[in-house]
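> Any chance you can model this:
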Amino acid sequence: MKLVLASGSRIRADLMLNAGLTFEVDPANIDERAVEEPLLKSGFPPEDLASVLAEAKADNVSERRPGDLVIGADQILAFNGERYTKPEDMDAARHQLLEFAGRTHELMSAVVISRDGEAIWRTVSIARLTMRKFTPEFVGHYLARVGEAALTSVGAYQLEGPGIQLFEKIEGDYFTVLGLPMMPLLAQLRDLKVIET
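Sure thing, here's the model as predicted:
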């Protein structure tokens, strides 16, 4: 039995490596928008949507890796009752950051473990992030500094980099913000006897 991360996310892999886990990376091959479209139309809550997407990824990979434990993860950003995805371009990133300025949004990070195409464990962790008030000029300078990296995350920021300067207050687990709730994941891997107790 192998431990597998069903994600191409560098930060998720780094978090697992830094925790001392031995695993393989095998990204899921699913159309996330197709999975979530009917759920969004039915008014599915964001935290449930994150869990469904994480499970779809884990199940997709575990179906082709019999016996292996596959970790799937997904993150949803919710603001004013709306779900946000990664900005399409720098103009969208700028608009999003200005919209968030001085206000609070939530990041819902779900992680699922599947074996043989079926989820055997899941959890969702929520963080509340309040951005400080900043000027449009600051946003322009910030985006010029981080460049295309702003388009790789749902909030147009990476908390582990210059994005930390956007914030006034963060409530919740750091790993939740990064997209992989490590504490509950590690506890479950210990329960499953995958890592040392």
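> you'd agree Thr104 is up against Thr130?
Yes: counting by CB atoms under 8 Å, Thr130 is a contact partner of Thr104 at 4.4 Å. Where you see a C-beta, it was placed from the backbone N, CA and C, and this is true even at glycine.
> what's around the residue nearest to Arg65 when sequence neighbours are not counted, how many residues?
Closest residue to Arg65 apart from its sequence neighbours, by CB to CB, 6 or more residues apart in numbering: Val4 at 6.0 Å. Val4: 21 surrounding residues under other CB atoms under 10 Å.
> After the longest strand belonging to the chain, which helix or strand is next?
Among the segments of the chain that qualify as a strand by DSSP state E, the longest is strand 118-131. Proceeding N to C from strand 118-131, the next assigned helix or strand is helix 136-146, under DSSP states H and E.
> I'd like the distance from that following helix to the chain centre, please.
23 Å (CA atoms, centre = their mean, to the nearest Å).
> Give me the helices and strands touching the helix or strand just after it, please.
Later in the chain than helix 136-146, the nearest helix or strand by DSSP H and E is strand 167-171. Contacts defined by 3 or more CB pairs under 8 Å, 6 or more residues apart in numbering; DSSP states H and E place strand 167-171 against strand 118-131.
> partners of the strand it packs on in the sheet?
According to DSSP bridges, strand 118-131 forms sheet pairs with strand 104-115 (antiparallel), strand 167-171 (antiparallel).
> how about the longest one: buried residues?
Under the neighbour-count criterion of 16 or more other CB atoms under 10 Å, strand 104-115 has His105, Glu106, Leu107, Met108, Ser109, Ala110, Val111, Val112, Ile113, Ser114, Arg115 buried.
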